[in-house]
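A.B. asks: just a sequence and a predicted model for now, questions to come.
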Amino acid sequence: MTLQLQLRHVFSTTSGATPDSGNPEFWDGDIPWATPEDVSAVTGYWLEDTRRRITHAGYVSCGTRLAPAKSIVLTKRAPIGQLAILATEACSNQGCFLLTPRNGPDARFFYYWLCANSGWLQILGRGSTFMELSTDDLKSLKVPLPSLVQQEAIADFLDRETARLDALVAAKGRLLGLLAEKRRALITRAVTRGLDADAPLRDSGLPWLGQIPTHWHTRRLKFLVRRIDQGWSPECHNVPAVKDEWGVLKAGCCNGGVFNPTENKSLPGDLEPPPQLEIIPGDILMSRASGSVDLIGSVAVVPQGCPSRLVLSDKIYRFHLEAGCADPGYFATALASGVGRVQIQRVVSGAEGLANNIAQSDIREFVLPLPPLGEQRAIVAHIASETAKLDALRAAAERTIVLLKERRAALIAGAVTDRVSA
């Protein structure tokens, strides 16, 4: 039967610290300084480098400790249980433990064992403000100690098999990237060139737009939109509304170009929403503000069958189109395509790390390519048909990635338990 010991007898365990962030003499030195962010970014298990490094003065100032190469880095909060192995000597901040092997165990085996038991590590977390794994709980953890020959054999086996599975996951990830790019290109081409590949073209007069079919026009958005509504943001409960409650939409309801009614906050019962701000099917919505430049300006059309009792927040615009000038689906698609994104990114305001905003006055000056109304509807139907095929391929690839990751986790768990006890 395999010997079991407390982790304290197999590894020496230290935690890290952070030098004064306001002292430039402590930063941009030669000493690698690992954080949970570094650990989460690792592919495989080797932590080759860290995003930030500290100087010798910074190292001395804060009481962090260097750990040798082949020590295990374990995050103890935000989140608990992410792992890597140091490829070189390094220290860490207070969000990580550094586990240095005693008496020559194979760090790879214990890396895999801790991966298989990351759920248990999370259960051990405690705290009122945020969950954190304590030093005592970690040191008291019972770990198996098979012979070094067994450790190396299991680690070698898992290195081979996880590398194979990781390569399959990476290939599916690349496929997802290609599908996303193909989807973007399909939409942008449809709203700039139309569906007739042989249609004669003319210069649009806009460098970022290029050529468009000769029978198309370009129009500023202010000539297409009768009115832009902006919503209301009272103090709300930080949970979605349930049946018969009013909800105030969050900016995230438009993310990905698909309306998500669950992205809302419940309105307190003693507040009466302005009835003119209730959304209805067919409304065209745009997020006005977001912490991410990539998400600001996200556009979605409210579909038929949408739940009632949802109102606009002040972080969302609603467009009312002039009659007969633009199909709502085409308008939203063009605004969400590369044509709209290039204009949105030019006018976004906001300091780094703060909410980014887009003003109505800027939006009104946007230019959209505008085919005849019937052609607009044909373009929307074509895009819906073609993107549905791409979305089905994306969903299949995502399911495969989930299954491969489940297989990987099961493989590790089986190897570090069944093989150890065999």
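C.D. replies: In hand now; what should we look at?

A.B. asks: thought Val191 was touching Ile379?
C.D. replies: Yes: judged on CB atoms under 8 Å, Val191 makes contact with Ile379 at a distance of 6.5 Å. To be clear about C-beta, it is placed using only N, CA and C from the backbone, and glycine gets the same treatment.

A.B. asks: overlap of the contact sets of those two?
C.D. replies: Residues touching both Val191 and Ile379 by CB atoms under 8 Å, 6 or more residues apart in numbering: 330, 333.

A.B. asks: who's more crowded, those two?
C.D. replies: Higher neighbour count among Val191 and Ile379: Val191, with 27 against 22, using other CB atoms under 10 Å.

A.B. asks: ok, now how distant is that one from Asp166?
C.D. replies: Val191 is 38 Å from Asp166, where distance means CB to CB, to the nearest Å.

A.B. asks: likewise Arg102?
C.D. replies: The gap separating Arg102 from Asp166 is 30 Å, by CB to CB.

A.B. asks: ok, now Arg318?
C.D. replies: Taking CB to CB, one finds Arg318 at 45 Å from Asp166.

A.B. asks: now the longest helix along the chain: mean pLDDT?
C.D. replies: For the chain, the helix that runs over the most residues, judged by DSSP state H, is helix 373-421. On average, the pLDDT along helix 373-421 is 94.

A.B. asks: more neighbours: which of Arg102 and Asp166?
C.D. replies: Counted by other CB under 10 Å, Arg102 and Asp166 do not tie: Asp166 has more neighbours, with 15 against 11.

A.B. asks: how about the secondary structure of that one?
C.D. replies: Here Asp166 is recorded as helix under DSSP: H, G, I helix; E, B strand; the rest coil.

A.B. asks: how about stretch 276-295 as PDB, C-alpha atoms only?
C.D. replies: The C-alpha trace of stretch 276-295 is given here as PDB (Å, rounded to 0.1, in the frame of the first residue of the first chain):
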ATOM      1  CA  GLN A 276     -42.000  54.600 -22.500                       C
ATOM      2  CA  LEU A 277     -38.700  52.800 -21.700                       C
ATOM      3  CA  GLU A 278     -40.100  49.300 -21.800                       C
ATOM      4  CA  ILE A 279     -38.500  47.400 -24.600                       C
ATOM      5  CA  ILE A 280     -40.600  45.500 -27.200                       C
ATOM      6  CA  PRO A 281     -39.800  43.000 -29.900                       C
ATOM      7  CA  GLY A 282     -38.100  44.600 -32.900                       C
ATOM      8  CA  ASP A 283     -36.300  47.300 -30.800                       C
ATOM      9  CA  ILE A 284     -32.700  47.900 -31.900                       C
ATOM     10  CA  LEU A 285     -30.400  48.200 -28.900                       C
ATOM     11  CA  MET A 286     -26.700  49.300 -28.500                       C
ATOM     12  CA  SER A 287     -24.600  49.300 -25.400                       C
ATOM     13  CA  ARG A 288     -23.300  52.800 -24.700                       C
ATOM     14  CA  ALA A 289     -20.700  52.100 -22.100                       C
ATOM     15  CA  SER A 290     -18.600  49.200 -21.100                       C
ATOM     16  CA  GLY A 291     -15.300  48.400 -19.300                       C
ATOM     17  CA  SER A 292     -14.200  46.700 -22.600                       C
ATOM     18  CA  VAL A 293     -13.600  48.600 -25.800                       C
ATOM     19  CA  ASP A 294     -14.400  45.300 -27.700                       C
ATOM     20  CA  LEU A 295     -17.900  45.200 -26.100                       C
END
